[in-house]
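Colleague: Got a sequence here, can you build the structure:
(2 chains)
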Amino acid sequence: MSYLELRGITKVYGEGAAEVHALSGVDLSVEAGSLVAVMGASGSGKSTLLTIAGSLEDATTGEVSVGGRPLSSMSRNVKAQLRRRSIGYVFQDYNLLAGLSAVENVALPLELDGTSARKAQAAAMEVLEEFGLRERVSHYPDQLSGGERQRVAIARAVVGGRQLLLADEPSGALDSTNGEAVMRLILAACHRGMAAVVVTHDAQLASWADRVVFLRDGRIVDQTLPAETAEAFLTDLPNR
Amino acid sequence: MSVRHALLALLSEGPKYGLQLRQEFELRTGEVWPLNVGQVYTTLQRLERDGLVESDESLEEGPQKGFHITAEGAAELSQWLRTPPDLSSPPRDELVIKVLVALELPGVDVHAVVQVHRRYLVELMQQWTRLKEDEGRFDLNFALVVDAELFRLDSLVRWLDSAEGRLKRAAAGVDPPAPRSFPLPKARRKVGSPR
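Modeller: Numbering: from 1, shown residues only, chains lettered A, B, ... in the order given. A predicted model of the protein is given here:
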């Protein structure tokens, strides 16, 4: 069953002559354990799609379900709880809090959700160590490189067993090596059962996904077919 | 891909047998470019004829015949490494031509044509990226080959993205309209040739 389900999503900003249709009739399903990339030019509606999927913004029409539950059936408080417990967000500019160390940044969403500071820190330490940041846990964001900051941001998005990861141009400001490292972490989270959506204009980033959907002028116009196995692909190369 | 220079490079590390050369060539190109043994021996014979390698007289004839590089061979290899491939004139890229033709034909949705090609390229990129997930296979040589292919395909996707943006702006009257013919710039002089 899909963990994230968007049905007939439309988003209209403004009214009358100033009306802008950011999304028109978007359907998207993301299974647990799978990574979907949404590719499109700037202004195609990618970021709007992500904020609606993450309940940060309401759709004009259509329905979003997370974990089988329609967002429209949830109160503000329940939605806020869903965002804290089940959804992790990763943004291009990291959005780390400058006054908190790496481990405090990662522990924060758990603490906000009522986990004790001790348990939250322990969980945060575990993820940061797994991400190769053991030596950097006490550093503040301005003491970390861009790649390290984004790894901390991903750690914050997956800590505490979240089930849905939403990333907006997660390697936008990084070089290709750090961009690849970011996608490997997101993919690893999917292999552990998370559902993930990455929106990007970058084909190299999108190509880590199980499925790539193409968004143009607020509509999904196409998507990739499932890939063949690596062995079959190598054998089929024309120069073999 | 110059098999001739790849073999010279392998022999510059020390004398080797023909079969060994084939094995090492495939290993170091991430097994993406397989080589048949006939190709190896034909190339070795030509290299020997040109005085760039010599066969070891002490060793027996046949598949186990050994070869070593000569001073001329080492000089040739060094020269080849520093000579940029000729990229001075734009290739007749089939993808570019298809989009230009689509633009001219009445009743053809050029955005749909662009998307067909974009999807195909991204699907290919997914296949190459998937190879990176296999840590067992993914050594440095293979990584470099896969990255080269991904960057090449990515450059085509970027061109499609930029073409689509340009078409949109032209339709909105922001950019100048497309001319009736598309003269390609002529390379006036060879850049990057050895001095």
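Colleague: Every contact and neighbour count from this point should use C-alpha atoms.
Modeller: Will do.
Colleague: ok, how many other residues are close to residue 154?
Modeller: Chain wasn't specified; assuming chain A. 29 (other CA atoms under 10 Å in any protein chain shown).
Colleague: wrong chain, I was asking about chain B
Modeller: Residue B:154 has 20 nearby residues by other CA under 10 Å.
Colleague: And it, how close does it get to residue A:35?
Modeller: Shown here: residue B:154 relative to residue A:35, a distance of 20 Å by CA to CA, to the nearest Å.
Colleague: Run through the bridge partners of residue A:167.
Modeller: residue A:90, residue A:198 (DSSP bridges).
Colleague: For the nearest residue to residue B:110 once chain neighbours are set aside, pull up the helix or strand it's in.
Modeller: Leaving aside its sequence neighbours, residue B:110 sits nearest to residue B:102 (CA to CA, 6 or more residues apart in numbering or on different chains; 5.5 Å). Assessed by DSSP states H and E, residue B:102 sits inside helix B:94-104.
Colleague: what's the average pLDDT for whatever helix or strand comes next after that helix?
Modeller: Remark: after helix B:94-104, the chain's next helix or strand is helix B:110-133, criterion DSSP H and E. Average pLDDT, helix B:110-133: 94.
Colleague: where does the chain have low pLDDT?
Modeller: Here I'm looking at chain A. A:238-240 (pLDDT under 70).
Colleague: I was thinking of chain B, sorry if that wasn't clear
Modeller: In chain B (pLDDT under 70), the answer is B:1, B:30-32, B:58-63, B:135-138, B:175-195.
Colleague: ok, 90 please
Modeller: For chain B, the stretches with pLDDT under 90 are B:1-3, B:17-19, B:22-41, B:56-66, B:83-93, B:104, B:131-145, B:168-195.
Colleague: And the strands in the chain, which stretches?
Modeller: The chain I'm using is chain A. Secondary structure of chain A by DSSP state E: the strands cover A:2-13, A:20-31, A:35-39, A:61-66, A:69-70, A:87-90, A:164-168, A:195-200, A:211-216, A:219-223.
Colleague: should've been chain B
Modeller: B:16-17, B:53-55, B:66-69.
Colleague: Could you tell me how many residues sit around the closest residue to residue A:95 other than its chain neighbours?
Modeller: Nearest residue to residue A:95 in three dimensions, chain neighbours excluded: residue A:153, at 7.5 Å (CA to CA, 6+ apart). Neighbour count of residue A:153, defined by other CA under 10 Å: 25.
Colleague: distance of residue A:153 from chain B?
Modeller: 22 Å (CA to the nearest CA, to the nearest Å).
Colleague: residues contacting that residue?
Modeller: For residue A:153, the contacting residues are A:90, A:94-96, A:106, by CA atoms under 8 Å, 6 or more residues apart in numbering or on different chains.
Colleague: Could you do residue A:37 as well?
Modeller: A:197-200, A:206-207, A:209-213.
Colleague: Close to chain A: what parts of chain B are there?
Modeller: Contact residues, chain B versus chain A (CA under 8 Å from any CA of the partner chain): B:32-34, B:115, B:119-120, B:122-123, B:125-127, B:129-131, B:150-151, B:154, B:157, B:161.
Colleague: among these, which ones are buried?
Modeller: B:32-33, B:115, B:119, B:122-123, B:125-127, B:129-131, B:150, B:154, B:157, B:161 (16 or more other CA atoms under 10 Å in any protein chain shown).
Colleague: re the thing from before, tell me how far the residue nearest to residue A:95 lies from residue A:102.
Modeller: For residue A:153 relative to residue A:102 (CA to CA), the value is 9 Å.
Colleague: what sits against the one residue sitting closest to the centre of chain A?
Modeller: With distances taken as CA atoms, centre = their mean, residue A:166 lies nearest the centre of chain A, 1.7 Å away. Contact partners of residue A:166, counting by CA under 8 Å, 6+ apart, are A:50, A:54, A:87-90, A:196-198.
Colleague: try 10 Å this time
Modeller: Residue A:166 sits next to A:35-36, A:50-51, A:53-54, A:87-91, A:154, A:157, A:186, A:195-199 when contact means CA atoms under 10 Å, 6 or more residues apart in numbering or on different chains.
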